[in-house]
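In: sequence plus predicted model, see below.
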Amino acid sequence: MIVMKDVYKRYPNGVVAANGIDVQIDQGEFVYVVGTSGAGKSTFIKMMYREEKPTKGTIVVNGIDITKIKNSKIAHFRRGIGVVFQDFKLLPKLTVYENIAYALEVIEESPKLIKKRVMAVLDLVNLKHKARMLPDELSGGEQQRISIARSIVNSPRVVIADEPTGNLDPETTWDIMKIFEEINSRGTTVIMATHNKDIVNTRKHRVIAIEEGMIVRDEQRGEYGYEI
Ligand SMILES: Nc1ncnc2c1ncn2[C@@H]1O[C@H](COP(=O)(O)OP(=O)(O)OP(=O)(O)O)[C@@H](O)[C@H]1O
């Protein structure tokens, strides 16, 4: 569960990107975060995995008040959260297998367990046969599937995705959505910032709309709500 109470974020340049946010997201929900460019979507989700610290307010994620944890504990906290980016952020010199295994190697899991888990997530995204390739030998959609596989290899309770289909064509976008829905159906919370009206209006889930750093709409099975 994620709970934000009276959260404000003012960047050093004076921009207020979160302006009094109160929200609760329960375990297992699927949530779209929508809003115009610069509205504060990325700031909202970055605060959930402590990439940004709020100026004021409390944020409790998986039972931990992440506004109070020490810097030395942040890495440990983040292991419970999977993060997927628009530009994939795969390590170019590592193979697909190594990119995914890396997250488990740093926590010193056994080689046997690492292999089992990496192959299981590669199977989920249908890319077992590409395990030995390098990221730049893959299409954009395949790279995003690998980055999703990497985000869930630790079995996080929450997956956060910032515009994960922004660089992909419409057909690939649907494939990626199916994977997120599959992950969600297994009980993982999925939080996705998106500008994709078709996705939001077709694959119905909770919609949180942000404008000027405030939640202006929060609807179960909501609509995208903007003309683009
Ligand atoms: N690191 C930063 N330093 C200063 N200002 C920032 C920083 N990051 C974001 N901002 C500002 O905060 C506001 C909200 O930005 P944010 O990236 O959260 O919006 P967004 O809704 O995700 O936008 P987009 O859809 O364009 O990605 C914007 O005015 C932006 O310029």
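Out: Structure received. Numbering: from 1, shown residues only.
In: my guess is Thr188 contacts Arg157. True?
Out: Yes: under the criterion of CB atoms under 8 Å, Thr188 makes contact with Arg157 at 6.4 Å. (Glycine included, C-beta is placed from N, CA and C.)
In: mind checking which of these two has more residues around it?
Out: Of the pair Thr188 and Arg157, Thr188 is the one with more neighbours under other CB atoms under 10 Å, namely 21 against 17.
In: check contacts around the more buried one.
Out: 28, 82, 152, 156-159 (CB atoms under 8 Å, 6 or more residues apart in numbering).
In: and the pLDDT for it?
Out: What the model reports as pLDDT for Thr188 is 97.
In: what does Arg206 give?
Out: pLDDT, read off for Arg206, is 98.
In: that one contacts Gly28, correct?
Out: No: Arg206 is beyond contact range of Gly28, at 11.2 Å (criterion: CB under 8 Å).
In: where along this protein do the helices fall?
Out: Secondary structure of the chain (DSSP state H): helices at 41-48, 74-78, 96-105, 111-124, 140-152, 170-185, 197-202.
In: how about those helices, which one is nearest the ligand?
Out: Closest of these to the ligand is helix 41-48, at 3.2 Å (criterion: CB to the nearest ligand atom).
In: buried ones in the closest one, by neighbour count?
Out: Neighbour-count burial for helix 41-48 flags 41-48 (criterion: 16 or more other CB atoms under 10 Å).
In: which residues sit against it?
Out: For helix 41-48, the surrounding residues in contact (CB under 8 Å, 6+ apart) are 2, 4, 7, 9, 17-18, 21, 33-35, 52-54, 59, 61, 66, 81, 158, 160, 162, 191, 193, 210, 213.
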